[in-house]
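Chemist: pasting the structure only:
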């Protein structure tokens with residue numbers, strides 16, 4: 001795999017707009033991950049990226065701060081998370097993930113993401 005690193009030279013004004021955008025993307029990723037973990041742990045249901053896009057529509061309707069940025073980057077976060085999940089479980093199925101990695105993932109998944117954006121009550 002080849003990695004390319006690019007340095008962005010942005011103005012102070014652009015940086016001030018970019019910082020909240022990146023924080024929101026991180027928050028969205030963490031909330032979507034937490035929703036997937038909760039849904040599976042509580043009822044054994046798998047949440048797809050399309051389910052989460054429907055939830056994103058509801059969130060955008062309820063919260064102004066999610067409407068200040070375009071929806072496409074937000075959906076891209078959800079699709080990238082879905083791709084990461086599929087890739088991880090494909091490796092687990094092929095036994096390419098060690099037992100230590102599984103233990104670390106299970107421990108960290110159980111202890112993080114206390115704040116929720118997605119309505120996890122529907123899985124209770």
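Modeler: Perfect, thanks for sending it. Remember, it's a predicted structure, so these values are computed and weren't measured experimentally.

Chemist: longest helix anywhere in this structure?
Modeler: helix 12-43 (DSSP state H).

Chemist: any idea which helix or strand comes after that helix?
Modeler: helix 49-62 (DSSP states H and E).

Chemist: Could you tell me the angle between that next one and helix 12-43?
Modeler: 120 degrees (axes from the mean of the first three to the mean of the last three C-alpha atoms, to 10 degrees).

Chemist: Report the helix or strand with the lowest average pLDDT across the protein.
Modeler: The helix or strand of the chain with the poorest confidence is helix 99-111; it has a mean of 54 (mean pLDDT, DSSP states H and E).

Chemist: re earlier: next, the buried residues of the longest helix of the chain.
Modeler: Using 16 or more other C-beta atoms under 10 Å as the test for burial, helix 12-43 gives 24-25, 28-39. Bear in mind the C-beta positions are built from the backbone N, C-alpha and C, glycine included.
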